[in-house]
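Peer 1: Next comes the sequence, and after it the predicted model I'd like to discuss.
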There are 2 protein chains.
Amino acid sequence: MTDLELEKFKRVLNDENLKLTPQRVEVFREVCNSDEHLEAEEIYLSLKQRKVNISRATVYRTMDILYQHDLVQRMDIGDGKWRYEHWLDCHQHDHLICIRCGTIVEFVSHQIEEIQQDVADKFNYKLLRHVHQLFGLCKQCRKTPMSVI
Amino acid sequence: MTDLELEKFKRVLNDENLKLTPQRVEVFREVCNSDEHLEAEEIYLSLKQRKVNISRATVYRTMDILYQHDLVQRMDIGDGKWRYEHWLDCHQHDHLICIRCGTIVEFVSHQIEEIQQDVADKFNYKLLRHVHQLFGLCKQCRKTPMSVI
DNA sequence: GTGAATGCAAATTGTTTGCATCGTG
DNA sequence: CACGATGCAAACAATTTGCATTCAC
């Protein structure tokens, strides 16, 4: 967690009249210091392991604040749980997901962004955000025959 | 529900040694005869209203069979429930979703498909499927000021 | 008639909420 | 020291599952 990130977080809390508690800082630190796409439960367990006094409820409540203020990004790969990643100074990107091992790779395509905008224009929609996920087998997993699963 | 669709369904059930029950047929009919993106609960309620004797469990179990055999497509717009649409003789398409009124429009872009494939190739992934959803405000909803919500 | 399918209710999973207590500003 | 934040457990919502009963083949 960089000073910049912490500053941004403090500013958000201040602006919203929310308090800077140790739990909130630790949750934010956890996401900032990871390059994974973390589930709420993973954040909770990781903090517990680090002997941080925290409850699941606080993790969920904090993730909500962070998401609402664009300090983290969240995604749902269709299994009914949110995965979070740090977002500050991050460019918009999309995801390539291995359905075998779960590895997630990020990609960016300006071309796709442009076409998306054209599609929205065509239907007279004001485009606000998008979800673009490619599912497949990663380099490793495509080698292994399916029968090994 | 066309005869062709029913035939395909019967063949799937036969191949899998599953039985052709009235409940299964009614669930399939419900999806085939709608152009909406239906939730399991909507299918259940709609059948109940039509006096079909059915339980939620059977709806869920049947949707699973239909999905596993490509008789329906399903999508998750991030609210934790599956939405189903009939899929037979359907071309692959993606969705444009109004976050205000929930209207869902379908779109196809061959250009995007191509770029997706390039992206997957670049990372050495074998591309199997994708999710591409554009969220925004539809023609009607973009007119109404946010404060009216 | 037999094994698979159904309905029901209870279980599961990820998340949210009510409430008494705690602690930041 | 007030009011927002926390932890806990109970509540939720969508879906799944166990089991006794029913029914298609």
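Peer 2: Thanks, I have it. Everything quoted here is computed from the prediction, not taken from an experiment. Numbers count the residues shown, from 1 in each chain, chains lettered A, B, ... in the order given.
Peer 1: for DNA strand C, what are the nearby residues on chain A?
Peer 2: Listed as neighbours of DNA strand C in chain A under the rule Cβ under 7 Å from any atom of the strand: A:19-22, A:39-41, A:56-57, A:60-61, A:64, A:80-82. Glycine gets a C-beta too; all of them are placed from N, C-alpha and C.
Peer 1: Now with 10 Å, please.
Peer 2: By the criterion of Cβ under 10 Å from any atom of the strand, the positions of chain A lying close to DNA strand C are A:10, A:13-14, A:17-25, A:39-44, A:53, A:55-61, A:63-64, A:67, A:74, A:76, A:79-84.
Peer 1: which of these count as buried?
Peer 2: Restricting the residues of chain A next to DNA strand C to buried positions leaves A:13, A:23-25, A:40, A:42-44, A:58-59, A:63, A:74, A:76, A:82-84, with burial counted as 16 or more other Cβ atoms under 10 Å in any protein chain shown.
Peer 1: Mind pulling the model confidence for residue A:100?
Peer 2: Residue A:100 is assigned 89 on the pLDDT scale.
Peer 1: What ranges in chain A fall below the confidence cut-off?
Peer 2: Counting by pLDDT under 70, chain A contains low-confidence ranges at A:145-149.
Peer 1: Sketch out the helices for it, chain order is fine.
Peer 2: A:3-15, A:22-32, A:40-49, A:56-68, A:110-122 (DSSP state H).
Peer 1: by contact count, what packs against the first one?
Peer 2: Helix A:3-15 is packed against helix A:22-32, helix A:56-68, with contacts defined by 3 or more Cβ pairs under 8 Å, 6 or more residues apart in numbering or on different chains; DSSP states H and E.
Peer 1: swap in the last one?
Peer 2: On a contact count with 3+ Cβ pairs under 8 Å, 6+ apart, helix A:110-122 meets strand A:126-137, helix B:110-122, strand B:126-137.
Peer 1: Kindly recompute the last result at 6 Å.
Peer 2: Identification of packing neighbours for helix A:110-122 by 3 or more Cβ pairs under 6 Å, 6 or more residues apart in numbering or on different chains; DSSP states H and E yields helix B:110-122, strand B:126-137.
Peer 1: Go through the ones you listed and pick out the most buried.
Peer 2: The highest mean neighbour count among these, using mean count of other Cβ atoms under 10 Å in any protein chain shown, belongs to strand B:126-137: a mean of 18.
Peer 1: Direction included, what does that one pair against?
Peer 2: According to DSSP bridges, the neighbouring strands of strand B:126-137, each with its direction, are strand A:126-137 (antiparallel), strand B:94-98 (parallel).
Peer 1: which stretch among the ones you listed comes nearest residue A:89?
Peer 2: The closest approach between residue A:89 and any of the strands paired with strand B:126-137, judged by Cβ to Cβ, belongs to strand A:126-137 at 18.6 Å.
Peer 1: any idea of the angle the closest one forms with helix B:110-122?
Peer 2: For strand A:126-137 against helix B:110-122, the angle by axes from the mean of the first three to the mean of the last three Cα atoms, to 10 degrees is 40 degrees.
Peer 1: Residues in contact with strand A:126-137: which ones?
Peer 2: Identification of contacts with strand A:126-137 by Cβ atoms under 6 Å, 6 or more residues apart in numbering or on different chains yields A:94-97, A:99-100, A:120, B:116, B:120, B:125-137, B:142.
Peer 1: rewinding a little: could you point out which of the helices and strands packed on helix A:110-122 sits nearest DNA strand D?
Peer 2: strand B:126-137 (15.3 Å; Cβ to the nearest atom of the strand).
Peer 1: picking up where we left off before, could I get the strands paired with strand B:126-137 as a markdown table with distance to residue B:2?
Peer 2: What follows is the strands paired with strand B:126-137, written out as a markdown table (distance: least, Cβ to Cβ, whole Å):
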| stretch | distance to residue B:2 |
| --- | --- |
| strand A:126-137 | 30 |
| strand B:94-98 | 24 |
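Peer 1: Make a markdown table out of the helices and strands packed on helix A:110-122 and add distance to residue A:5.
Peer 2: Shown next, in a markdown table, are the helices and strands packed on helix A:110-122 (distance: least, Cβ to Cβ, whole Å):
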| stretch | distance to residue A:5 |
| --- | --- |
| helix B:110-122 | 29 |
| strand B:126-137 | 27 |
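Peer 1: No more questions from me, cheers.
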